[in-house]
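[1] The sequence isn't on hand, but the structure is:
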């Protein structure tokens, strides 16, 4: 039995509130259970030096957690003088994930920065960031297309992410914090709305796993991301 | 005429939603017009070294702004490796302001950290942080008192803050961003609910002002903080 | 009675020795009692990016304290890897104060950096820095005018600063360190030689104050800055 | 055809020279083709604060690359003042991988730090670091067991890693740099000598992949790590 | 002919004003020509960890330059976030030099920190810092002996330093800035009052030198340090 | 008697393996006894700003030590966020030494960076770095000359370095770590193959020395650097 009483293959309730902040070209507050992430997308005309003049666009992401998003207060990264290893790892993952769903030629030579800031954490913040981040990105691109700055839609297929793991010996979908802190194996699965894989990370901490278990987690992930893709489309219409 | 159409002595609409996040001992989302700040209060048993063993409590504050809280995206302080001068100045101000309203003997040897994170900015973020920060502090102290950890209420009088300035030659209450960026003189006034002064900062950028103007701004500030104190009390009952 | 035996409205002895260092375009060693600050002004042709091409000039300030300027040795900021919050707050204040007294059109597109380094501290270092910093600035501008690089004097009115506070229940002028460390309320008042206000900061640490007290401190500050302006003029003739 | 002329499922030549440096408790220079990594293991009696007093051991890793290990010189991380995101990500991966193969109870309350420094890079440095790092760890543990400080062998099964990817439309084993820089999909597979999975990371940059492709890469990875495990055992006997 | 008109073996005028600041246990302003350095010595009861409990004392030094001590303004090290390589090199040299003249057993388990801050630079700041630093140290030790905290004088012989170099083909004593910036070879010589050597550094930038030239510079250095030792003794009586 | 059984004027065995890494324009692994340093030379077309457009070349150096090059593990400088004072001092020394042997006009407007990374340390790492660094530089310049990019050989005379010191009262050549940690006086001598001096540093830690001792150390250094110059020439033919 899961602590939340959910079925093994049941996601937490998900809501996506778009337009949560007024300045960003795209924004939403995504809630996956008690995990709440504010995602904003910022369009800028400049691109990183390594693609200047190529005509290609760029999508990048930054990730942060408010100090008291968690059960005990964490030190503010701005005051400790650097982003921790976990933060760096997560924001690189979000950026790679979103870029995989972007036609960079169609986007044109501009950069979109997706900021994902966790207001409240209860497990799965990186997956919620990717799922919500894609919605913010979608809204920003809608604005570009409406203004005629972009002609061909560079976002062909939604990108969403979900975590799965082995909890109490059972494969479960969408780990919350109590499950995540106990799971011997967990994975993050990033997929497109049409079921293609973008990134798969499975990891055992103090444990190992088999190919069979890997396949069971994959099956759950496919179910979850299909559901998420529907919600993304509904929210960003 | 003010850009927003407000009267000279009229504040923006204010709302305070308590319990906005679940982990913090006290939390609220304060909205002063389009300025939205998430305030959380964290209770910890440790105190800073310089008061260890004195039996006195401590209240401190940290301030941050999400990168796209503003009209154009600002660089994330965690990634630039340090808090900017403005951030440091503001969080020291918030801490001083809140401490001025605390009976540190009654609080006992514990620390409360108030985090003020601006989700959306439209002028007056430091004042909204102080006003909302006090509500988060109040809620955290309520919890301590309910648990019997604190017997005498250490928060005698609410602390709130408002900005005033000379805009287009007229003294106005509660500057929003369009006013703030044009005002030759502006000030922040931090007061108690019973009308005592805690901190006054008036500053002219590229200009000067007279004692008469100073007195007019003071009058407006008194009006504003009296209104804010009522809302703080209502929100934190 | 004040520890120093001074009258309530009596400043410490002030001296201003100009030309204390030979390289700077303007320099002085200001002594306000036992507070000694070396102020230098450096003229550079470059301006900050945000005013490039506007024809406007810029004045900025940096502040530092030698490690053993104080009673116990403080850690050197260069070796601790960053300027502390107090330093940042003070140097921003000095810069704003000096800029308020400058006609930036008349100055022309150049930058003057005023460095204020405290050799010995006994309270009131930020005020002494502003007062001495203006003299260094005045001397540097004199050099520009003499060379014909600036035609219209951009410094219309001297800028000086003094601290006042409530010590032992009495409003007193020009707090020294023993008073400053005991005062429940203190303020810094920055004014022009003709009595206009530039910046007012009054703050209660663990206390509150009334509008009457605020007015009494203002009265003292006017007396102090009038005296300082005379000394500035005499020193920089 | 692969640039190196290798078969699709053929690894580069691997050599492991143990005892490459004299001070470390365990050390080796691993060469996987032209990728050369110096791995050292250091035993210390202290453990991180979060496991102090638990009787459990800890294994951690650090990763670095000499500035001219690569085709063009990279900036030295020590002089740029921080470890880059890639470095942080890699060293966290190495640490997790090695810990997964350690019985932390049997190790006892001590820490082993594995340093992996790339002397020459030609793709696959993180995998070579894990494979060579395990050998250094094995040698250090041998020393502990010989000295009687550890009774039960905490390293039950070797840990090794190999990269696989889709290159020119084909799944290939052990990507070298020319392949790695062209591959649309690549993955790192960390396994035990007995074929259990520890960590799987598959990622598409500017592309997507299917579950079939994922399974093909897994098959190659199993072949590669079985071969590596044999070499690890031979080297650390 | 030297730019200053001095003889080849003639030092610049030297003055040492003791008690320049009031808080430090020892202080002086040393002027070697136009090079002015404020030296303070601070006594603390703590010692660095590596000698705790040994009964030995420690002497260390820090060095800084005010931003406009030089002809063009240098960036403040506190604001650039670190001490430059030159600063680090110099302060390590000063510390080693002063320690060489201290009987650390006689000093007892306490630390004296000598801060050398250059107010005005005209060549030879490291040598002036050592010479003046020793005077500040002497004064601080005098205070310890007078208070009975130290019984046996730990400073047996004064330590002073002078630079020499090959300027325009000639060996010259005590280089000023115009000479220093032209000299192909220069050296710093640190000696005791009784003519023993503590540290010798000779360096050619874009040039080489012979053993004969080395000997000529040594002869000049002996002359210079003998004169400085007399002044040190006179100043610190 | 020396711990190693060497004669007073006997160097440790020296070997220089060129081409140790494949990417650098020049590289070698130099072994001076148990001190092993990997030296690489990187040619870049850019030069530092202060010589841009002068037609002059530049040679600079960076120095590092792998964490477990030493007997106990040292903290990795990249993770501690800055290069230590000792590192900075050493790499500046290496750069100055190598530049002294370079005809910067003949080199032309390009920069060569020599990286010296200590794989294993047993005393004398800075001297081995200079000696090996020159070989890497020589090989890189050979490549430039072969390609016709440089016509006149900018390296007229090899540059090598050796340490000497007073150990157990006797002057000895080429200190190893056990000697270095006991020596009261030690020095680094950098010379050209034809016996000219480039840099001499002699230093007493907790001791003093005489001119006679200085001369004895010089004599030993000449012997050592003559031997090293022969090996450099043989290695880089």
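    Arrived safely. This is a predicted model, so every value here is computed, not measured.
[2] In this model residue A:131 seems to touch residue A:228, though I could be wrong.
    Yes. The pair residue A:228 and residue A:131 passes the contact test of Cβ atoms under 8 Å, sitting 5.3 Å apart. Where you see a C-beta, it was placed from the backbone N, CA and C, and this is true even at glycine.
[3] any shared contact partners between those two?
    A:14, A:160, A:161, A:162 (Cβ atoms under 8 Å, 6 or more residues apart in numbering or on different chains).
[4] Could you grab the helix/strand/coil label for the third one?
    The assignment at residue A:161 comes out as strand when based on DSSP: H, G, I helix; E, B strand; the rest coil.
[5] Correct me if wrong: it contacts residue A:201.
    No. Contact status for residue A:161 versus residue A:201: not in contact, 10.0 Å apart, counting by Cβ under 8 Å.
[6] Between residue A:228 and residue A:131, which is the more surrounded one?
    For residue A:228 and residue A:131, the more surrounded residue by other Cβ atoms under 10 Å in any protein chain shown is residue A:131, and the numbers stand at 32 against 29.
[7] what pairs with the residue nearest to the more buried one when sequence neighbours are not counted across the strands?
    Among residues not flanking residue A:131 along the chain, residue A:160 sits closest, at 4.3 Å (Cβ to Cβ, 6 or more residues apart in numbering or on different chains). Here residue A:160 shows beta-bridge partners residue A:191, assigned using DSSP bridges.
[8] Hmm, residue A:8 and residue A:170 touching each other?
    Yes. Contact criterion Cβ under 8 Å: residue A:170 and residue A:8 qualify, at 5.8 Å.
[9] Settle it for me: which of those two has more neighbours?
    Neighbours of residue A:170 and residue A:8, each counted by other Cβ under 10 Å, are more numerous for residue A:8; the result is 14 against 11.
[10] burial measure for the closest residue in space to residue A:48 that isn't next to it in sequence, as a count.
    For residue A:48, the nearest residue in space outside its immediate sequence neighbours is residue A:58; the separation is 5.8 Å by Cβ to Cβ, 6+ apart. Close neighbours of residue A:58, defined as other Cβ under 10 Å, add up to 21.
[11] Quick check: residue A:183 vs chain E, distance?
    With distances taken as Cβ to the nearest Cβ, to the nearest Å, residue A:183 is found 41 Å from chain E.
[12] Assign the residue nearest to that residue when sequence neighbours are not counted to helix, strand or coil.
    Closest residue to residue A:183 in three dimensions, ignoring its sequence neighbours and counting by Cβ to Cβ, 6+ apart: residue A:165, at 3.8 Å. Classification of residue A:165 into helix, strand or coil gives strand, according to three-state DSSP.
[13] OK, contacts around residue A:165?
    Contacts of residue A:165 by Cβ under 8 Å, 6+ apart are A:171, A:172, A:175, A:179, A:180, A:183, A:185, A:186, A:187, A:217.
[14] Return the distance of the residue of chain A found nearest chain E relative to chain B.
    Nearest residue of chain A to chain E (Cβ to the nearest Cβ) works out as residue A:81 at 9.6 Å. Remark: distance between residue A:81 and chain B (Cβ to the nearest Cβ) = 6 Å.
[15] do the same with residue A:66
    Applying Cβ to the nearest Cβ, the value for residue A:66 to chain B is 5 Å.
[16] Tell me how many other residues crowd that residue.
    As a burial measure, the neighbour count of residue A:66 was computed by other Cβ under 10 Å and equals 25.
[17] Now it: closest residue in space that isn't a chain neighbour?
    residue B:117 (5.3 Å).
[18] hang on, isn't that neighbour packed against residue B:67?
    No. In this structure, residue B:117 is not within contact of residue B:67 by Cβ under 8 Å, at 11.6 Å.
[19] Who has more neighbours out of those two?
    Here residue B:117 and residue B:67 are set side by side on neighbour count (other Cβ under 10 Å), and the busier one is residue B:117, at 26 against 22.
[20] picking that back up, just the buried ones from the contacts of residue A:165?
    Neighbour-count burial (16 or more other Cβ atoms under 10 Å in any protein chain shown) applied to those gives A:171, A:172, A:175, A:179, A:183, A:185, A:186, A:187, A:217.
[21] Need these in JSON lines (columns: distance to residue E:32, pLDDT and secondary structure).
    Written out in JSON lines, the entries for the buried ones among the contacts of residue A:165 read as follows (distance: Cβ to Cβ, whole Å; pLDDT from 0 to 100; DSSP: H, G, I helix; E, B strand; the rest coil):
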{"residue": "A:171", "distance to residue E:32": "78", "pLDDT": "96", "secondary structure": "strand"}
{"residue": "A:172", "distance to residue E:32": "76", "pLDDT": "97", "secondary structure": "strand"}
{"residue": "A:175", "distance to residue E:32": "70", "pLDDT": "97", "secondary structure": "coil"}
{"residue": "A:179", "distance to residue E:32": "71", "pLDDT": "96", "secondary structure": "helix"}
{"residue": "A:183", "distance to residue E:32": "69", "pLDDT": "92", "secondary structure": "coil"}
{"residue": "A:185", "distance to residue E:32": "70", "pLDDT": "93", "secondary structure": "strand"}
{"residue": "A:186", "distance to residue E:32": "67", "pLDDT": "93", "secondary structure": "strand"}
{"residue": "A:187", "distance to residue E:32": "69", "pLDDT": "95", "secondary structure": "strand"}
{"residue": "A:217", "distance to residue E:32": "74", "pLDDT": "96", "secondary structure": "helix"}
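[22] ok, now which ones touch the residue nearest to residue A:48?
    Residue A:58 makes contacts with A:47, A:48, A:51, A:99, A:104, A:110, A:111, A:112, as judged by Cβ under 8 Å, 6+ apart.
[23] Take the residues you listed and keep only those in helices.
    Restricting those to those inside helices, with DSSP state H as the criterion, leaves A:99, A:104.
[24] Buried subset of the contacts of residue A:58, written for PyMOL?
    One line in PyMOL is enough to select the buried ones among these; burial here means 16+ other Cβ under 10 Å:
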select buried, chain A and resi 47+99+104+110+111+112
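[25] Is residue A:29 bridged to anything, and to what?
    Note on residue A:29: beta-bridge partners residue A:17, residue A:38, judged by DSSP bridges.
[26] before we move on, back to that, now, which of the contacts of residue A:58 sits nearest residue A:2?
    Minimum distance to residue A:2 across the contacts of residue A:58 is 33.6 Å, recorded for residue A:99 (Cβ to Cβ).
[27] Spatially central residue in chain A, please.
    Centroid-nearest residue in chain A, with Cα atoms, centre = their mean: residue A:130, separated by 1.3 Å.
[28] Give the helix, strand or coil label for it.
    Here residue A:130 is recorded as helix under three-state DSSP.
[29] is chain C contacted by the lowest-mean-pLDDT helix or strand in chain A?
    The helix or strand of chain A with the lowest confidence, counting by mean pLDDT, DSSP states H and E, is helix A:77-80 at a mean of 86. No. Judged by Cβ under 8 Å from any Cβ of the partner chain, helix A:77-80 makes no contact with chain C; its nearest approach is 10.2 Å.
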